[in-house]
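Asks: Here you go, sequence then predicted model.
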Amino acid sequence: MKLVSYNIQYSKGKDEQFNLDRIVSEIEGADLIALQEVETHFPRTGLVHQAQEIGARLPDYHWVYGPGIDIDASIVADDGTVTHRRRQVGNMVLSRWPILSSMNHLLPKMALTNQYHQQRAMIETVIRTDAGPLRFCSVHFDHIGPQTRLPQVHYAMDLLLNASHRGSAWGGKIAGDWYEIPPPPVPERTIVMGDFNFTPDSEEYALLIGDRSERHGRLVQDGGFTDAWVAAGNDEDEGISFIGTGVRIDHCVVSSNMAASVKRVWIDMDAQGSDHQPLWVEIEG
């Protein structure tokens with residue numbers, strides 16, 4: 001199973017040109033795709049719905065889209081008729097297999113007065129893969145700093161590590177004429193990919209993966225998350241996914257019960273479609 005995560009910067013490439021076809025060509029061949037900074041109805045990208053456009057270019061994939069920013073972009077005609085339209089920025093998941101359910105989580109946000117700041121989100125899906133049900137998420141944590149990111153990481157971890165307590169998107173006793181279809185499963189296997197906006201030497205990384213001991217190295221907790229990059233044999237302090245600052249801030253973390261299944265992780269340094277580089281992961285099963 002091949003996975004890729006890509007912050008597409010609304011398709012703005014290193015040549016300053018907007019090109020969704022280029023983005024699609026750079027993620028071809030993946031079984032599961034996590035995208036960030038996918039936008040809808042912005043003038044700079046021709047007022048198109050980028051999620052729909054990407055989905056149309058990949059007709060063999062199931063997909064869902066979850067915005068963080070969601071503001072009005074409707075058009076009102078002279079006779080008062082409203083053409084409904086939303087201006088959005090968010091995350092997207094595409095899958096070769098059916099997406100049984102999805103939930104879009106808005107991450108904690110604080111108001112800032114001296115920096116541009118926006119609502120961030122994580123889209124959580126349950127996917128029916130050939131190897132069984134899988135929880136697969138695309139996330140974009142805040143860019144400002146630990147003060148804004150740490151509450152978001154805490155929130156996301158609470159959601160995902162307590163998934164069995166939350167249950168599926170629907171379930172329990174069917175009441176009255178409610179839609180009577182079986183609830184989706186609650187997978188034990190979890191993968192989270194995205195633009196985390198933090199490096200392995202950060203407090204956020206330690207919270208998510210585990211503290212680093214001078215004597216024993218990274219202390220990864222059973223039942224928590226493992227950095228797929230490290231599970232594949234790479235050094236956690238190596239790798240560049242954002243060339244602008246020369247750091248690895250795009251990550252894939254897997255539940256500890258999947259760590260042994262990670263076979264290979266690499267960053268496509270040749271991709272030109274965004275200011276980030278695609279992160280690829282190969283998992284057995």
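Replies: Thanks, I have it. Numbering: from 1, shown residues only.

Asks: helix, strand or coil for the nearest residue to residue 130 once chain neighbours are set aside?
Replies: Nearest residue to residue 130 in three dimensions, chain neighbours excluded: residue 97, at 7.3 Å (CB to CB, 6 or more residues apart in numbering). Yep, even glycine has a C-beta here, placed from its N, CA and C like the rest. Under DSSP: H, G, I helix; E, B strand; the rest coil, residue 97 falls in the coil class.

Asks: Just give the number of residues close to residue 97.
Replies: For residue 97, the neighbour count with other CB atoms under 10 Å is 18.

Asks: swap in residue 42?
Replies: The number of residues packed near residue 42 is 16, by other CB under 10 Å.

Asks: next one: residue 98
Replies: Residue 98: 12 surrounding residues under other CB under 10 Å.

Asks: Residue 169 - that's part of a helix, no?
Replies: No: counting by three-state DSSP, residue 169 is not part of a helix but coil.

Asks: How much space separates it from residue 64?
Replies: 12 Å (CB to CB, to the nearest Å).

Asks: hey, what's in contact with both of the two?
Replies: residue 102 (CB atoms under 8 Å, 6 or more residues apart in numbering).

Asks: Who has more neighbours out of these two?
Replies: Higher neighbour count among residue 169 and residue 64: residue 64, with 20 against 15, using other CB under 10 Å.

Asks: How much space separates that one from residue 14?
Replies: 28 Å.

Asks: again with residue 80
Replies: Applying CB to CB to residue 80 and residue 14 gives a distance of 45 Å.

Asks: cool, residue 171 as well?
Replies: 46 Å.

Asks: Kindly report the same for residue 8.
Replies: Distance from residue 8 to residue 14, by CB to CB: 12 Å.

Asks: Now the common contact residues for these two.
Replies: Common contact partners of residue 8 and residue 14 (CB under 8 Å, 6+ apart): 273, 274.
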